[in-house]
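>>> need a 3D model of the following:
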Amino acid sequence: EVQLVESGGGLVQAGGSLRLSCAASGFTFDDYAIGWFRQAPGKEREGVSCISSSDGSTYYADSVKGRFTISSDNAKNTVYLQMNSLKPEDTAVYYCAADVGCPPNDYWGQGTQVTVSS
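Predicted coordinates for the structure are as follows:
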C-alpha cells in the first residue's frame, strides 16, 4: 500500500521557520519524484517544490525561491521542505505527492497545516 505521511506543520510567526517531512512507503522511492503543494482557503492548489529522487533535480515556485529548500534522504524514504523567512501568505495546508516525474500527481498525502501569524 502506498503511503505518504506529512508532518512538521504548525503555527509560527512571520519570519520564522518550519521543516516539513514527507515519509513515503509502498513504492520504490528512488524511482519517483516527490513534490510539495499547498492550498489556502478559497484558493487553488499551488505547486511549491519538487525533487527527483533519482538525480536530485529540484524545482521551486517563484513565490518560494530563496526561502524554501527541498531535500531528500533516500535512506529514510523521506523528503523534507525547509521553509525559512515565512510570510503570512504561506499559510495553507501543505501536501506532498509522488509520481514518476515532476510535477507529481499519482499519490497524495493527507496534508499538514502551516499557519504563519503576522
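>>> how about the strands in this structure?
With DSSP state E, the ranges of strands along the chain come out as 3-7, 10-13, 18-25, 33-39, 46-52, 58-60, 68-73, 78-83, 92-99, 107-108, 112-117.
>>> which ones are touching E6?
L20, S21, C22, Y94, Y95, C96, G109, Q110, G111, T112 (Cβ atoms under 8 Å, 6 or more residues apart in numbering). C-beta: built from backbone N, CA, C; applies to glycine.
>>> pretty sure the last one is in contact with V93, am I right?
What that stands for is T112. Yes - here T112 reaches V93: they are 7.0 Å apart, a contact under Cβ atoms under 8 Å.
>>> okay, these two: which has more neighbours?
T112 (21 against 18; other Cβ atoms under 10 Å).
>>> from D62, how far off is the more buried one?
23 Å (Cβ to Cβ, to the nearest Å).
>>> for F27, same thing?
30 Å.
>>> kindly report the same for G109.
24 Å.
>>> more neighbours, the two?
Applying other Cβ under 10 Å to G109 and D62 shows that G109 carries more neighbours, namely 21 against 6.
>>> ok, now which ones touch the residue nearest the centre of the chain?
For the chain, the residue nearest the mean C-alpha position is W36 (2.9 Å; Cα atoms, centre = their mean). Residues counted as contacts of W36 (Cβ under 8 Å, 6+ apart) are 20, 22, 47-50, 70, 79, 81, 94-97.
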